[in-house]
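**Student:** Provided below are the primary sequence and the corresponding predicted coordinates.
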Amino acid sequence: QVQLLQSGGGSVQSGGSLRLSCAASGDSFSTYYMGWFRQFPGKEREGVAAIGSGGRASYADSVRGRFTISQDNAKNMLYLQMNSLKPEDTAMYYCAADRVEWGLLRHYTYWGQGTQVTVSS
């Protein structure tokens, strides 16, 4: 099992940047596939970015070129750097982990507690 603890997020103006962090503890971090998801009120959770086999990153079309996912196995950390933020990026963001490579699908087993990101115009 792995436990995920998120930090970062908050409020920023349109065009600004934020970095989300996700600290993993428990099982061997490097054996898990990791992803970031977000959830808008009344909507299902959607994939934002994920790291797959060979460290290959995948992104939702809505964030490609603005968000960057990265993983530091030495520190058991996952990050999401968010640049050029837009009001429509406002959502609750979650990190996720699984030993199955789900990519941007939301079938992950382990989830962080969520952190709010609010972008004002």
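**Tutor:** That came in fine, so what should we check first? Numbering: from 1, shown residues only.

**Student:** okay, CA-based contacts and neighbour counts for the rest of this
**Tutor:** Noted.

**Student:** tell me the centre residue of the protein?
**Tutor:** residue 36 (2.3 Å; C-alpha atoms, centre = their mean).

**Student:** so that one sits against residue 94, correct?
**Tutor:** Yes: contact criterion C-alpha atoms under 8 Å: residue 36 and residue 94 qualify, at 5.7 Å.

**Student:** chain center to stretch 51-66, what's the gap?
**Tutor:** Centre-to-centre, stretch 51-66 and its host chain are 10 Å apart (C-alpha atoms, centre = their mean, to the nearest Å).

**Student:** sorry, wrong one. I was asking about stretch 9-18.
**Tutor:** 15 Å.

**Student:** flag every buried residue along that stretch.
**Tutor:** 9, 12, 14, 17, 18 (16 or more other C-alpha atoms under 10 Å).

**Student:** among those, which ones are in helices?
**Tutor:** When these are checked against helices (DSSP state H), there are no matches.

**Student:** and these, which two are furthest apart?
**Tutor:** Greatest spacing in these, by C-alpha to C-alpha: 9 and 14 (14.0 Å).

**Student:** on that earlier part again, return the closest of the buried residues of stretch 9-18 with respect to residue 108.
**Tutor:** Distances from residue 108 to the buried residues of stretch 9-18, taken by C-alpha to C-alpha, are shortest for residue 9, at 21.4 Å.

**Student:** any idea which element the residue lying closest to the closest one once chain neighbours are set aside lies in?
**Tutor:** Distances taken as C-alpha to C-alpha, 6 or more residues apart in numbering place residue 117 nearest to residue 9, at 5.1 Å, with adjacent residues excluded. For residue 117, the host element (DSSP states H and E) is strand 115-120.

**Student:** please name the strands paired to that strand in the sheet, noting orientation.
**Tutor:** Within its sheet, and counting by DSSP bridges, strand 115-120 is paired with strand 10-13 (parallel), strand 91-98 (antiparallel).
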